Structure formats: structure tokens, C-alpha cells
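Engineer: heads up, no residue letters with this:
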């Protein structure tokens with residue numbers, strides 16, 4: 001348990017950031033899954049539209065530090081390849 005005032009503040013901040021990161025990661029997983037299901041269903045229009053929503057979300061999460069920059073880049077690349085393969 002934190003005993004110094006600064007350590008208590010850091011603990012509060014960490015809890016807030018953790019909750020935000022969990023929410024953002026969950027939303028990303030949902031969006032990525034939507035693209036994958038559209039690709040598997042051979043729905044080119046849907047997959048392209050959902051990919052356009054996913055790319056900025058991944059970039060924003062990487063900018064905020066929720067996921068690593070290269071992780072976001074890798075996901076975008078793989079999803080784009082799947083959509084373009086249709």
C-alpha cells in the first residue's frame with residue numbers, strides 16, 4: 001500500500017489508466033473481429049468500411065500507449081492484406 005502522498009496519487013492514476021486501457025483494448029478487439037467476420041463472410045463492402053473504422057482506432061490506441069506502435073502497424077497490415085485478398 002502506498003504511504004507517501006505522491007505514491008498515493010500515482011496509485012490513483014494507475015487505476016484510472018488501467019481501466020481506460022482495458023476498455024480501449026476491448027473495443028479494439030471487437031472492431032478487429034468485425035473486420036475478420038466480414039472477410040470470412042466474403043462481404044467486400046462491409047470489410048472495407050469496418051477496416052476504415054479500425055485503422056484510426058488502432059493508431060489512436062498506439063499513440064496513447066495502450067498498445068505498442070508496431071503492434072498496431074502489424075494488425076493494420078494483416079487486416080488490410082485480408083481485405084485486399086477478397
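Structural biologist: Everything's here; your move. The structure presented is a predicted model; accordingly, all values stated were derived computationally and were not measured.

Engineer: if I look at the residue sitting nearest the centre point of the chain, how far off is residue 56?
Structural biologist: By Cα atoms, centre = their mean, the chain has its centre lying nearest to residue 28, at 3.5 Å. The gap separating residue 28 from residue 56 is 11 Å, by Cβ to Cβ, to the nearest Å. (Each C-beta comes from the backbone N, C-alpha and C, glycine too.)

Engineer: ok, and for the helix or strand residue 48 falls within, which residues are buried?
Structural biologist: Following DSSP states H and E, one finds residue 48 within helix 44-64. Neighbour counts over helix 44-64 (16 or more other Cβ atoms under 10 Å) mark 46, 47, 48, 50, 51, 54, 55, 58, 61, 62 as buried.

Engineer: and if you look at stretch 15-34?
Structural biologist: Neighbour-count burial for stretch 15-34, counted by 16+ other Cβ under 10 Å, picks out 24, 28, 31, 32, 34.

Engineer: So which of the residues you listed is the closest to residue 77?
Structural biologist: Nearest to residue 77 out of these is residue 32 (Cβ to Cβ; 12.6 Å).

Engineer: mind listing the strands in this protein by residue range?
Structural biologist: Assigned strands in the chain: none (criterion: DSSP state E).

Engineer: so where do the helices sit in it?
Structural biologist: Applying DSSP state H to the chain gives helices spanning 5-40, 44-64, 69-84.

Engineer: now those in CSV, with mean pLDDT?
Structural biologist: Shown next, in CSV, are these (pLDDT from 0 to 100):
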stretch, mean pLDDT
helix 5-40, 96
helix 44-64, 95
helix 69-84, 97
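
Engineer: that older thread, how much space separates the residue nearest to the centre of the chain from residue 78?
Structural biologist: Noted for residue 28: a distance of 14 Å to residue 78, by Cβ to Cβ.

Engineer: ok, now residue 19?
Structural biologist: According to Cβ to Cβ, residue 19 stands 28 Å off from residue 78.

Engineer: List the contacts of residue 79.
Structural biologist: By Cβ atoms under 8 Å, 6 or more residues apart in numbering, the residues touching residue 79 are 32, 35, 36, 51, 54.

Engineer: Much appreciated, bye for now.
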